[in-house]
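Chemist: Predicted model and sequence below, questions to follow.
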Amino acid sequence: MNTSGEPLPRRQPLALCARDVVQRYGSVVALEGVSLDVAAGKSIALVGESGSGKTTLLRCFNRLVEPSSGTISVGAQNVRAMESVALRRMIGYVPQDGGLMPHWRILRNVALVPSLLGIPNASAVATETLALVGLPAATFGARFPHELSGGQRQRAALARALAARPGVVLMDEPFGALDAITRSDLQAAFDALRRELSFTMLMVTHDIAEAARLADELVVMRNGRIEQRGTIDMLATAPATEYVGTLLERALAASAPLRGLR
């Protein structure tokens with residue numbers, strides 16, 4: 001409920017689909033015939049080395065990247081048939097740097113999309129969402145982004161992505177720049193919110209342990225292709241390629257949480 005007593009708006013989780021997607025930057029092939037399905041309400045993590053195509057694929061779903069060929073669908077709708085601004089307003093997006101407007105106070109940042117969508121009492125919705133991520137508006141709403149810690153800024157960025165209760169949330173290394181303790185706290189907070197609000201998530205991360213913690217399945221990418229998809233246990237015990245085996249072996253050696261999953 002928001003402060004007016006009305007239920008907060010919420011969209012149903014939406015399925016995502018990429019089919020035979022190719023993206024080239026000059027002579028560089030970033031995506032080479034990638035196909036990926038994400039069922040409504042599921043969470044998928046794209047993992048792999050830098051330059052594997054993870055972020056390019058993610059950004060195809062909100063049209064920040066227009067692929068050279070192939071089809072991208074959100075909720076069974078071809079995104080090319082949708083106006084890009086309207087599409088982005090129905091999808092939550094958390095870039096690595098948070099993407100907050102530096103000259104806007106936190107409450108206004110979080111209320112942005114609800115306001116643009118014409119949701120009544122957008123400020124009340126923003127206040128409620130800030131509370132959900134652990135940033136009470138009475139304390140943090142009037143601050144500017146530079147007046148927050150890194151972890152607080154990322155909480156505000158999560159609140160902005162979730163304020164309009166989207167059916168899909170895209171996350172690009174959202175916790176990568178944070179210290180280990182802050183990162184773990186935010187992972188736990190986000191995981192709880194995902195289960196409470198029930199949306200589809202597609203996340204890019206270099207951290208296999210983070211992917212295992214937050215995602216139902218991992219999609220390993222390399223050189224613009226998908227090497228394998230599966231749960232962390234499946235990838236660790238039955239890698240489809242030598243690359244997947246090496247990636248998981250190194251991650252398991254470095255991470256106690258992952259070792260516990262085997």
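Modeler: In hand now; what should we look at?
Chemist: hey, let's count contacts and neighbours off CA atoms from now on
Modeler: Fine.
Chemist: Residue 104 looks like it's in a strand, true?
Modeler: No: under DSSP: H, G, I helix; E, B strand; the rest coil, residue 104 sits outside any strand and is assigned coil.
Chemist: so who does the closest residue to residue 104 other than its chain neighbours touch?
Modeler: Spatial nearest neighbour of residue 104, chain neighbours left out: residue 144 (6.2 Å); criterion: C-alpha to C-alpha, 6 or more residues apart in numbering. Neighbour list for residue 144: 102, 103, 104, 105, 106 [criterion: C-alpha atoms under 8 Å, 6 or more residues apart in numbering].
Chemist: before we move on, what about residue 99?
Modeler: residue 157.
Chemist: show me where the chain has strands.
Modeler: 16-25, 28-38, 43-47, 69-74, 77-78, 91-94, 168-172, 200-204, 217-222, 225-230 (DSSP state E).
Chemist: which stretch among the ones you listed comes nearest residue 158?
Modeler: For those, the distance to residue 158 is smallest for strand 91-94, at 6.5 Å, taking C-alpha to C-alpha.
Chemist: okay if I get the contacts of residue 144 as TSV plus pLDDT and neighbour count?
Modeler: Below are those laid out as TSV (pLDDT from 0 to 100; neighbours: other C-alpha atoms under 10 Å):
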residue	pLDDT	neighbour count
102	95	12
103	97	11
104	97	14
105	97	18
106	97	30
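Chemist: Is the residue most central in space within the chain bridged to anything, and to what?
Modeler: Nearest residue to the geometric centre of the chain (C-alpha atoms, centre = their mean): residue 171, 2.1 Å. Taking DSSP bridges as the rule, residue 171 bridges to residue 94, residue 203.
Chemist: Tell me how far it lies from residue 253.
Modeler: 26 Å (C-alpha to C-alpha, to the nearest Å).
Chemist: sorry, back to before: reformat the strands of the chain as TSV; add mean pLDDT.
Modeler: Compiled in TSV, these are given as follows (pLDDT from 0 to 100):
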stretch	mean pLDDT
strand 16-25	96
strand 28-38	96
strand 43-47	97
strand 69-74	97
strand 77-78	94
strand 91-94	95
strand 168-172	96
strand 200-204	97
strand 217-222	97
strand 225-230	97
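Chemist: got any ranges where the stretch 101-250 of the chain has weak pLDDT?
Modeler: For the stretch 101-250 of the chain, applying pLDDT under 70 flags no range at all.
Chemist: what do you get if the cut-off is 80, keeping everything else the same?
Modeler: 176-177 (pLDDT under 80).
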